[in-house]
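A.B. asks: Based on what follows, work out the 3D shape:
(2 chains, ligands or ions: 2)
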Amino acid sequence: MLDPTARERLAVLADVLIPGTDAFPSASAAGVPADLIDRVLGFRPDLVPAFERALDLADGLEAEAALDLISGAHIAEFEALSTLVSGAYLQSPQVQQALSYRPAPRQANDDIDTYADLLEVVVDRGFDIHGAELS
Amino acid sequence: MQAAVEDADVLIVGAGPSGAVAAHELARRGFKVVCLEQGDWNLPDDFTGDKPSWELARLKQWHPSPNRRGNDADYPINAENSPLEPLLFNGVGGSSILYSGHWVRALPSDFRVRTLDGVADDWPFTYEDLRPFYDEVTHHIGASGLEGDPSYPDAHTFPLPPLPIGKAGLRAARGMDKLGWHWWPAPNAISSRAFRNRPACQRYGACESGCPAGAKASADLTYWPDAIAAGAVLVTGARVRTLTTNENGLVAGAEYVDRDGRWHHQRAGITILAANGIGTPRILLNSASSAHPDGLANSSGLVGKRLMIHPYASVYGTYDEDLESHLGPAGQSLQSLQFYETDESRGFVRGGKWNLMPTPGPLNRVLWEPGTDWRDGFGSSFHDRLSGTFGRTLEWGITTEDLPEEGNEVVLDPDLTDSDGIPAAKINYRITENNDRLLDFHIARAVEAHEAAGAVSTHVDRVVRDSGWHLLGSARMGEDRTDSVVDQWGRSHDIPNLFVLDGSNFVTSTGVNPTATIMAVALRAARHLADHRSHQVSAS
Ligand SMILES: Cc1cc2nc3c(=O)[nH]c(=O)nc-3n(C[C@H](O)[C@H](O)[C@H](O)COP(=O)(O)OP(=O)(O)OC[C@H]3O[C@@H](n4cnc5c(N)ncnc54)[C@H](O)[C@@H]3O)c2cc1C
Ligand code: SF4
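C.D. replies: Ligands and ions are numbered 1, 2, ... in the order given. From the prediction side, this is the model:
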């Protein structure tokens, strides 16, 4: 569990990584520093140490300077931070809706009719098969 | 070490597609079959493709690299000396648990590259010899596809109709049509409709991290239930260290360790290795003894040599409309063999196979590339990148044929071991000059294909590091015992009761995804073994 200071620091970094737009919420408006980060840390316990180190490295720095420092000299920490923040953000139903993301399941409907005419051309063109006579 | 539980007629090491098809054929023909598999069973519900954790879990728990995953069942592979990371899965079904299911036959020319192109070696049999076995396996596993692809000499059939190509496939097909290039709705080892014990595909696109619907034709679902029903015994959590030999120089069986750290010996009359292009040479090299100082079955010196991995290029095109390109299967929607056959005017021999694939999952669109400025993908760029590419990006993936080179090899690492202390494998691999030229040519054509289809931008990953999913050639077959390890039936030239039935036995890599061929070759060999049982040398 992140303590309140870590959550606050995360909110600042996350909003610089993923700011809001007219269509999309910012990371903190989507709930990243709240329950979503807890959820994704649960999915990837292996990333917890590097993620915590990333937050520690940001201590006392402006967000942009912190992100420059971490991405420049602490690759594993920046990978953990950016992957978890993005992963948490994309869990948000509000974000998925803004993205028009309607995940599967979907039916695997047959769509041969949509391309049958194009395929006829492929068949008519034929193919130069090498070595068939050697079989 | 514990005594054997029971003697087997046939011991198979490895429960992937090659081990499964052999176990089924031999068990149904009356052999007492035991298979030792270091991994475990997985149930569809173990896979995360239908769960919120999927995109994060596929970067770790379900990553195709055993080095990244690091499960108990995995063994590490030192790939420092390789631009390609070896990818595989250790468990019942083997790497087919994670395979994409591209179900592609090799072409006639693949079996005759020396005769046609003056390179490498011809196979000891032809496409025609293998064809009935391709047909049989294709119908057993329930592959989906469309009959009549003109790039093959025969209009081979599929038990299931092709999977949907969707808006994305149609867009790419129109581009190929403009250029006058070959394409075909792609064959996949994925059910487009319910087939035997599998439901129809539900389009999660998570095929490469395990199918949560159970729609993909992985060997745990296709062959193992039938093999077990026919009497085969599958022992999981059983990691083989060495094959043992008897006083007649035959293989007597295998010593293995279970998950509780107890050692056992499994005796068998005949032993079959089906542990894949890295696992099989690893076992043979680990089985070195004073009688076989260079490893078992290695009088040719070719065990571990001639490793082929198929360097893979990804050419992405991004389009100006939502093509729902996040939908599976992944799986391939189209394939093209336009540039498969040799045309020496291009400056190289042989060619490659193209597959059109979706780009499932939004997280994959926004991952940070180490070494790049974070502002390129985050901050004010984040939303443009996400919305501009998600659902709109298609991949022409190019599987390129690499020709065998002795310097490309699997060896034992002097230091690295698995969690049981068994020496691990190391691969030394470099991309050949022919392949470099081949890659450049194919990539340039794939960019043209996207442009013809109206892509607004293209992006090339010239050699995808995480693409070492085809591990072939490291115990090759051939007629001459001085330059091959096994004969055309997979039987060791040195030790007549030892067989290699996984893709280690490939003579050349072909330019297509290998599993259909691996399984057809394994079925052909297992059937031959059963048909000639009375002549087969056995240790029991
Ligand atoms: C991500 C990914 C995508 C792929 N996509 C495709 C595709 O689209 N089309 C295609 O044709 N192919 C594809 N492949 C390749 C395909 O999975 C393999 O060709 C196929 O699984 C090989 O079958 P096999 O039986 O020879 O070996 P494997 O499937 O690798 O099985 C070998 C088995 O042996 C076991 N084993 C190894 N060593 C030991 C030991 N010492 N003791 C006990 N057990 C042992 C392993 O645990 C494993 O289960 C893909 C592979 C991956 C990883
Ligand atoms: S796309 Fe189909 S085969 Fe692939 S994971 Fe989903 S249901 Fe399984």
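
A.B. asks: So is stretch B:499-517 next to ligand 1?
C.D. replies: Yes. Among the residues of stretch B:499-517, B:Asp502, B:Gly503, B:Asn513, B:Pro514, B:Thr515 lie within reach of ligand 1 under Cβ under 6 Å from any ligand atom. All C-beta spots, glycine's among them, are computed from the backbone N, C-alpha and C.

A.B. asks: What residues does B:Pro76 make contact with?
C.D. replies: Shown in contact with B:Pro76 (Cβ atoms under 8 Å, 6 or more residues apart in numbering or on different chains): B:Pro66, B:Asn67, B:Gly70, B:Leu416, B:Asp418, B:Ala424.

A.B. asks: Take these and write them to CSV, including secondary structure, neighbour count and distance to B:Gly490.
C.D. replies: Below are those laid out as CSV (DSSP: H, G, I helix; E, B strand; the rest coil; neighbours: other Cβ atoms under 10 Å in any protein chain shown; distance: Cβ to Cβ, whole Å):
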residue, secondary structure, neighbour count, distance to B:Gly490
B:Pro66, helix, 22, 25
B:Asn67, helix, 16, 29
B:Gly70, coil, 14, 32
B:Leu416, strand, 14, 29
B:Asp418, coil, 21, 26
B:Ala424, strand, 19, 25
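
A.B. asks: And the pLDDT for the one residue in chain A that gets nearest to ligand 1?
C.D. replies: Per Cβ to the nearest ligand atom, A:Ala108 is where chain A lies closest to ligand 1, at 17.3 Å. In this model, A:Ala108 is scored at 95, pLDDT.

A.B. asks: can you check A:Ser135 too?
C.D. replies: Looking at A:Ser135, the pLDDT reads 71.

A.B. asks: How much space separates it from B:Thr138?
C.D. replies: Applying Cβ to Cβ, to the nearest Å, the value for A:Ser135 to B:Thr138 is 18 Å.

A.B. asks: what's the answer for B:Pro83, then?
C.D. replies: Here the criterion is Cβ to Cβ. By it, B:Pro83 lies 33 Å from B:Thr138.

A.B. asks: Comparing these two, which shows the higher neighbour count?
C.D. replies: B:Thr138 (25 against 15; other Cβ atoms under 10 Å in any protein chain shown).

A.B. asks: And that one, its phi and psi?
C.D. replies: In terms of degrees, to the nearest 10, the main-chain angles of B:Thr138 are phi -60, psi -40.

A.B. asks: Quick one: residues contacting it.
C.D. replies: B:Trp103, B:His156, B:Thr157, B:Phe158, B:Pro159, B:Ala516.

A.B. asks: Try it again at 7 Å.
C.D. replies: Each residue near B:Thr138 by Cβ atoms under 7 Å, 6 or more residues apart in numbering or on different chains is listed here: B:Trp103, B:Phe158.

A.B. asks: Now the stretch 151-300 of chain B against chain A: closest residue?
C.D. replies: B:Gln202 (3.8 Å; Cβ to the nearest Cβ).

A.B. asks: And the helices in the stretch 251-400 of chain B?
C.D. replies: B:276-286, B:363-366, B:382-389 (DSSP state H, counting those that start in this stretch).

A.B. asks: Can you pull the residues of chain B lying near ligand 2?
C.D. replies: B:49, B:190, B:201-207, B:211, B:213, B:215-216, B:328-329, B:331.

A.B. asks: neighbours around the residue in the stretch 401-540 of chain B that ligand 2 sits nearest to, how many?
C.D. replies: Per Cβ to the nearest ligand atom, the residue of the stretch 401-540 of chain B with the smallest distance to ligand 2 is B:Thr515, at 14.7 Å. Neighbours of B:Thr515 under the rule other Cβ under 10 Å: 28.

A.B. asks: and the residue in the stretch 301-450 of chain B positioned nearest to ligand 2, how far is that from B:Tyr204?
C.D. replies: For the stretch 301-450 of chain B and ligand 2, the shortest gap (Cβ to the nearest ligand atom) falls at B:Gly328, measuring 2.7 Å. Distance from B:Gly328 to B:Tyr204, counting by Cβ to Cβ: 5 Å.
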